[in-house]
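# Show me the folded form of this:
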Amino acid sequence: MSAQAAFHHVRLELAREPDHPAGNPGFGYDLVIPLDGDQKLDKAACQTQARPSRVRRFRNDATEAVGRLARSDDGRWFFDFEPGEADDEFGFRLDDERFVPGEYISIRAADGVPHTFRVMTSSPIDLGDA
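Below is the predicted model:
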């Protein structure tokens, strides 16, 4: 990737699951993450960018938590909302996923329950000098 990563705003919404047969557009995540040309996580940019990736978890369209995308010592990607590990939410093979509309992303909540989310939007953003 170039010296300046291509950051994208990606919106994930809960996909169909037993308790939500139609999914739930009011529960999900807004991500600001660097993606490569294949629309996959730009791993190098995630580790070298001065601006960290951002994660916002929402429920009923209200912000529940704001954090960052981080990588564990064993190479797994997770959403880190507070210091410590109690609230960490791990993605399943996030470095292999394409963040394009229609794709599905699996995330294990802090309570250990996995959920599947659908990529609803993914659009490049200009972070400017902010």
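# for this structure, where's the lowest mean pLDDT among helices and strands?
Lowest mean confidence among the helices and strands of the chain (mean pLDDT, DSSP states H and E): helix 43-48, at a mean of 80.
# Check which residues of that one are buried.
Using 16 or more other C-beta atoms under 10 Å as the test for burial, helix 43-48 gives 43, 45-46. (C-beta placed from N, C-alpha, C; glycine too.)
# could those go into a markdown table alongside distance to residue 20?
Formatted as a markdown table, the buried residues of helix 43-48 follow (distance: C-beta to C-beta, whole Å):
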| residue | distance to residue 20 |
| --- | --- |
| 43 | 31 |
| 45 | 33 |
| 46 | 30 |
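# Tell me the one of these nearest residue 31?
Here the nearest of those to residue 31, counting by C-beta to C-beta, is residue 46; it sits at 11.4 Å.
# residues contacting that closest one?
Contact analysis of residue 46 by C-beta atoms under 8 Å, 6 or more residues apart in numbering lists 33-34, 53, 69, 71.
# hmm, try it at 6 Å
residue 53 (C-beta atoms under 6 Å, 6 or more residues apart in numbering).
# Show me the strands paired with the helix or strand that the least confident helix or strand of the chain is followed by, marking each as parallel or antiparallel.
Sequence order places strand 54-59 as the next helix or strand after helix 43-48, per DSSP states H and E. In the sheet containing strand 54-59, its partner strands are strand 24-35 (antiparallel), strand 62-71 (antiparallel), by DSSP bridges.
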